[in-house]
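# Give the three-dimensional model of this entry:
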Amino acid sequence: MYRIKKNKGNKKKANYVRIAQEAGVSIATVSRILNNYPHVKHETVKKVIDSMNMLGFDTNEIVIKPKPKNSSLIIFNIPSLNNPFYSQIVNGAEAAATRHGYHILINESDINLWNFNHLLDVLKKFNVAGLIISNYLSSELLDKLNSTVPLVQCCEYNEDSDISYVSIDDTLASKRVMEYILSNNRRKIALINGPMHYKYAQHRLSGYLNALKNANIPIENNWIVNLPEIDYSMAVSACSHLLNLSNRPNAIFAISDVFAAATIKASSNVGLRIPQDLLVVGFDDVDIAIMTNPTITTVKQPKFQLGFRACELLIEKISDPNVALRKILLDVEFIIRESSVITSLIE
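Sure thing, here's the model as predicted:
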């Protein structure tokens, strides 16, 4: 590939913005070329070098290195293997990758400032073709990743970034859940939420609060529980505390089916009937939603499609680094089951 040798006549870093504007490519493409990323078309590299010459940058010492064999490896980074939500998403990504001759490698990491450089080293060491992430990252970290390899966000996304993503409208989905609960004459509604550094937790909380406001229902702060991770045992403990309050809720919106299952367990422990005493709605429609007794009313995310579309976007970006930014929000489906429906068989 190409690299720029350091010398006294060159600045340490070329003005990426000027070069990108002159060459008609993205800043990320310029960064990849100057950082020796192999998956860039020869004509694109030539266009950038010609633009550098036109702008007065010294390119005499640019060294043309043999182009390595193109990688067929895509890394899919997920925050946790313990959350069953991600399994079908990964299956979708694998289906899209196989279709185009790529391979998916799953990496479990809660990406942060302390392990970020390690991830960069992995991407370079294994000559990775592209990266899909389901983590929420700052715009700065996203830009650094995108300057190293083609990048697409899946499920979680930074609204302020210029990185393509595939997700759902969590605020709208949460609003729909709340409207359904309210239509069942439940006004004492609690929220079992996830880590607040995730976009989905912020947006589902927003939908919950807006629905209460629109219904003129006072907000009970002790009915809003934010857990640090998707963990069943932790959720059982939190729900048990909630249901033992003197002024306990009569409905719970759980932002994960894992939390909804934990709510059912906690309700059984304190002798409450579902849905007569406590209406429960979950989110995601993972397998546990039909394994509990009663089964869980939930929001069905198009998990396979989320992974498939994200991988398709990434492969498109690998083929054309200057492809237009895409922001895709897929539709969800509301699935009504026993945890919210009182039938003649229940009484």
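
# Spatially, what comes nearest to Ala215 if we skip its sequence neighbours?
Leu182 (5.7 Å; Cβ to Cβ, 6 or more residues apart in numbering). Placement of C-beta: from N, CA and C, glycine included.

# Where does the one you found sit, in terms of helix or strand?
helix 170-183 (DSSP states H and E).

# Buried residues of that helix, list them for me.
For helix 170-183, the neighbour count (16 or more other Cβ atoms under 10 Å) marks 170-171, 173-178, 180-182 as buried.

# Could you check how many residues crowd around Ser161?
The burial count assigned to Ser161 is 19, neighbours taken as other Cβ atoms under 10 Å.

# How about the contacts made by the most centrally placed residue in the chain?
In the chain, the residue lying closest to the centroid (Cα atoms, centre = their mean) is Glu156, at 2.3 Å. For Glu156, the contact set (Cβ atoms under 8 Å, 6 or more residues apart in numbering) comprises 133-136, 167, 198-200.

# how does it look with 7 Å?
Glu156 sits next to 134-136, 198-200 when contact means Cβ atoms under 7 Å, 6 or more residues apart in numbering.

# can you give me the strands in the stretch 151-300 of the chain?
Using DSSP state E, counting those that start in this stretch, the strands found in the stretch 151-300 of the chain span residues 151-154, 165-168, 189-193, 224-226, 251-254, 279-281, 298-300.

# With Ser319 as the reference, name the closest of the ones you listed.
Closest to Ser319 of these is strand 151-154 (Cβ to Cβ; 13.0 Å).

# got a list of contacts for the closest one?
By Cβ under 7 Å, 6+ apart, strand 151-154 touches 89, 131-134, 142, 145, 163-166, 306-307, 310, 313-314, 317.

# out of those residues, which are buried?
Buried among the contacts of strand 151-154 (16+ other Cβ under 10 Å): 89, 131-134, 142, 145, 163-166, 306-307, 310, 313-314, 317.

# one step back: pLDDT averaged over the helix holding Leu182, what's the number?
For helix 170-183, mean pLDDT rounds to 97.

# and for that helix, what are the contacting residues?
Applying Cβ under 7 Å, 6+ apart, the contact partners of helix 170-183 are 189, 200, 203-204, 206-208, 210-211, 215, 251, 253, 279, 281, 299, 332, 334.

# Surely Ala266 is in contact with Ser237?
No. The criterion here is Cβ atoms under 7 Å, and Ala266 misses it with Ser237 at 8.0 Å.

# Among these two, which residue is more densely surrounded?
Ala266 (23 against 14).

# so where do the helices sit in the stretch 151-300 of the chain?
Along the stretch 151-300 of the chain, the segments classed as helices by DSSP state H, counting those that start in this stretch run 170-183, 199-214, 232-243, 257-269.

# Who are the packing partners of the shortest one?
The one in question is helix 232-243. Here helix 232-243 touches strand 189-193, helix 257-269, going by 3 or more Cβ pairs under 7 Å, 6 or more residues apart in numbering; DSSP states H and E.
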